[in-house]
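let me see the structure of the following:
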Amino acid sequence: MLAGILVLTVVAGVLRYTDVAQVALFFVALAALAGLAWAISFSTEALGERIGPAATGVLQATLGNIPEISVVLFALSAGEVVVAKTSLLGALFSNALLILGLAVIVGAWRSPDGVMRFNARLPNDTATLLLLAIFIIVLLGLSDQVGEGAAEHAEEISAFGAVLLLSVYAVWVWSYLRKGHEEHSEVEPARGALSLRTSIGLILAAGLAATLVSEWLVHAIDPAVEALGISRAFTGLVIVAIAGNAVENAVAITSAARGNNDLALSVVNNAVSQTALVVFPLLVLLSFFFATPLTFVLEPVYITALALTAIAVWQMTGDGEAVAFEGCALIALFAILGALTWYA
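Sure, this is the predicted structure:
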């Protein structure tokens, strides 16, 4: 598997610097980015065997955001603001709707009575955080509707909100990890598991490669969009978001298939809340170094979708149980969003 990822990365690099077959580069770079995200996931999961599901979920989400952050920064530097913003929103929607839905279906299918069960405290905690983050983003997104003064200062308001969101996350993650450490008992790593040094080395190497591949992917967006006739919104919200979040895709679904429901829910919920409270705000602040700053001001359809997503996640995971039709409903919501952006 690692050899295949290396081959894809090398091929993407050759296509990028020979400046030929740009549409092919788009798809090869997507595949390489997904593969590198899997490599980060694989090594982080091996590292996480020593630290329990709570810390593993946070670690998976943090390292899994490397490709996503890289894509957005390169998109902003290239002036692809639509791709930058929709790929961030896509990370939220793909994890909260598509990946959570798939994990619920797999977890329910594996259960003898068709009900996926998990510790309600963990998803409740992150769902509460998600609701708070999204409601703040919704308010900031509507700031241009308050009046001309607020509309003229959307960048300053977004920066202020970004600092607040980062502060809330810092307070939460400290108590979350401390509680998770108290509940976790040391488990001996499985035979054949990666060593600590190998895990860290693979994470660093894959993260560096993901940064390079992200630039190659953004470089190929223009010719790919023109040749394939797809919108930039669909490219960011669906294609780039799913590839960039392959970490959560792989870990959540495989964990549910193994019956490790707490880890599956931890990875997904941490990915969503961290995107909302860390990645989005951090990129808003970093974007001030680019010609076109990123703000929380969003189109009404995305604001509505964010609010509905928060409510859906709360409703379907808050009681510690989920069944297959609930997972199907989440996937259907994501499919509707994809259809809207396809025709955008």
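
local confidence estimate at the residue nearest to residue 303 when sequence neighbours are not counted?
With sequence-adjacent residues excluded and distances taken as C-beta to C-beta, 6 or more residues apart in numbering, residue 303 is closest to residue 141, at 4.8 Å. Every residue, glycine included, has its C-beta placed from N, CA and C. Looking at residue 141, its pLDDT stands at 72.

mind listing what residue 141 touches?
Neighbour list for residue 141: 296-298, 302-303, 306 [criterion: C-beta atoms under 8 Å, 6 or more residues apart in numbering].

of these, which is the most crowded?
Tallying neighbours with other C-beta atoms under 10 Å puts residue 296 at the head of those, with 25 neighbours.

so who does it touch?
The contact partners of residue 296, taken as C-beta under 8 Å, 6+ apart, are 137, 140-141, 143, 154, 157-158, 161-162, 280, 284.

which of those fall within helices?
Judged by DSSP state H, helices contain the following of those: 137, 140-141, 154, 157-158, 161-162, 280, 284.

buried subset of those?
Buried subset of the ones in helices among the contacts of residue 296 (neighbour count, 16 or more other C-beta atoms under 10 Å): 137, 140-141, 154, 157-158, 161-162, 280, 284.

okay, who's weakest in these by pLDDT?
Out of these, that is residue 141, at 72.

how far away is it from residue 296?
Applying C-beta to C-beta, to the nearest Å, the value for residue 141 to residue 296 is 5 Å.

also residue 172?
Distance from residue 172 to residue 296, by C-beta to C-beta: 19 Å.

what does residue 33 give?
In this view, residue 33 and residue 296 are 26 Å apart by C-beta to C-beta.

ok, now residue 198?
Counting by C-beta to C-beta, the separation of residue 198 from residue 296 is 40 Å.

using PDB, write down the CA coordinates of stretch 59-73.
Extracted in PDB, the C-alpha atoms of stretch 59-73 (Å, rounded to 0.1, in the frame of the first residue of the first chain):
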ATOM      1  CA  LEU A  59      -4.900  13.200  17.300                       C
ATOM      2  CA  GLN A  60      -6.500  11.700  14.200                       C
ATOM      3  CA  ALA A  61      -8.500  14.900  13.600                       C
ATOM      4  CA  THR A  62      -5.400  17.100  14.100                       C
ATOM      5  CA  LEU A  63      -3.100  15.200  11.800                       C
ATOM      6  CA  GLY A  64      -5.800  14.400   9.300                       C
ATOM      7  CA  ASN A  65      -6.300  18.200   8.800                       C
ATOM      8  CA  ILE A  66      -2.800  18.600   7.300                       C
ATOM      9  CA  PRO A  67      -3.900  17.900   3.700                       C
ATOM     10  CA  GLU A  68      -7.000  20.000   4.200                       C
ATOM     11  CA  ILE A  69      -5.100  23.000   5.500                       C
ATOM     12  CA  SER A  70      -2.600  22.700   2.800                       C
ATOM     13  CA  VAL A  71      -5.200  22.600   0.000                       C
ATOM     14  CA  VAL A  72      -7.000  25.700   1.400                       C
ATOM     15  CA  LEU A  73      -3.700  27.800   1.800                       C
END
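
please enumerate the strands of this structure.
Remark: strands assigned in the chain by DSSP state E are 115-117, 321-323.

centre of the chain to the first one, how far?
Between the mean C-alpha location of strand 115-117 and the chain-wide mean there is a distance of 24 Å, by C-alpha atoms, centre = their mean, to the nearest Å.

helices or strands up against that strand?
helix 100-110, strand 321-323 (3 or more C-beta pairs under 8 Å, 6 or more residues apart in numbering; DSSP states H and E).

so for residue 167, which of those sits nearest?
Nearest to residue 167, of all the helices and strands packed on strand 115-117, is helix 100-110, at 26.4 Å by C-beta to C-beta.

so which residues make contact with the closest one?
Applying C-beta under 8 Å, 6+ apart, the external contacts of helix 100-110 come out as 114-116, 118, 249, 252-253, 255-257, 259, 261, 264-265, 268-269, 313, 316-317, 322-324, 326-331, 334.

so residue 253 touches residue 263, yeah?
No. Shown here, residue 253 and residue 263 do not form a contact pair, counting by C-beta atoms under 8 Å, at 11.3 Å.
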